[in-house]
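J.: Requesting a structural model of the entry that follows:
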Amino acid sequence: MARRASSSTHPVLLIGIGVAVVAIVIGGKILLNKKSESFTDAYPLDVKAFLEDGNAFRGDEFFIEGKVDEKLRWTPSNGQIVSVRIKTPGGEEIIPIQIPDQFSKLNIDREQSYAFKIDIKDGGIPVATAIKRL
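T.: Have a look, this model is predicted:
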């Protein structure tokens, strides 16, 4: 009597499919849980030192994370200026940030947390070069 061929799936194929599904799930979670663009080419801003002498920081890039406190001013040619509350070891501090017109499509909301990559311009004015909502 002849033996019949087995119609079951090969176990190695099932293991391979299982590993692929797990890799896709883990990769998706990593991408979805990514809170903000990593500003690895910028240093965190020393807010206390900046408030003492903001002009000393000009020409350098930094990053900060905080909540938008108020929308202070908006002009079509220069963008908007917002005040941002930043948690520091000494308590919360507020600094203004100019958001250029190139970010006009972003809806910057009050009381929302953002990560800002900023460039300090002449006069110690922080200008956003990248923005991510947290």
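
J.: What is the burial count for the closest residue to Gly90 other than its chain neighbours?
T.: Closest residue to Gly90 apart from its sequence neighbours, by Cβ to Cβ, 6 or more residues apart in numbering: Lys48 at 6.7 Å. (Each C-beta comes from the backbone N, C-alpha and C, glycine too.) In terms of burial, Lys48 registers 11 neighbours under the definition other Cβ atoms under 10 Å.

J.: Just checking, which helix or strand succeeds the helix ranked longest in the chain along the chain?
T.: Of all segments of type helix in the chain, defined using DSSP state H, the longest is helix 11-32. On the C-terminal side of helix 11-32, the nearest following helix or strand under DSSP states H and E is strand 43-44.

J.: any idea which helix or strand comes after that following strand?
T.: helix 47-52.

J.: where does the residue nearest to Gly123 when sequence neighbours are not counted fall, phi/psi-wise?
T.: In space, not counting the residues next to it along the chain, Gly123 is nearest to Asn55; the distance is 6.4 Å by Cβ to Cβ, 6+ apart. The main-chain torsion angles of Asn55 are listed as degrees, to the nearest 10 and equal phi -70, psi -20.

J.: Find me the pLDDT at Asn55, would you?
T.: The model reports Asn55 with a pLDDT of 82.

J.: And for it, the neighbour number?
T.: The burial count for Asn55: 12, using other Cβ under 10 Å.

J.: got a list of what it touches?
T.: The neighbourhood of Asn55, defined by Cβ atoms under 8 Å, 6 or more residues apart in numbering, consists of Asp122, Gly123, Gly124.

J.: Tell me how far Ser83 lies from Val19.
T.: Using Cβ to Cβ, to the nearest Å, we find Ser83 at a distance of 50 Å from Val19.

J.: These two - which one has more neighbours?
T.: Neighbour totals were compared for Ser83 and Val19, and Ser83 leads with 16 against 10 (other Cβ under 10 Å).
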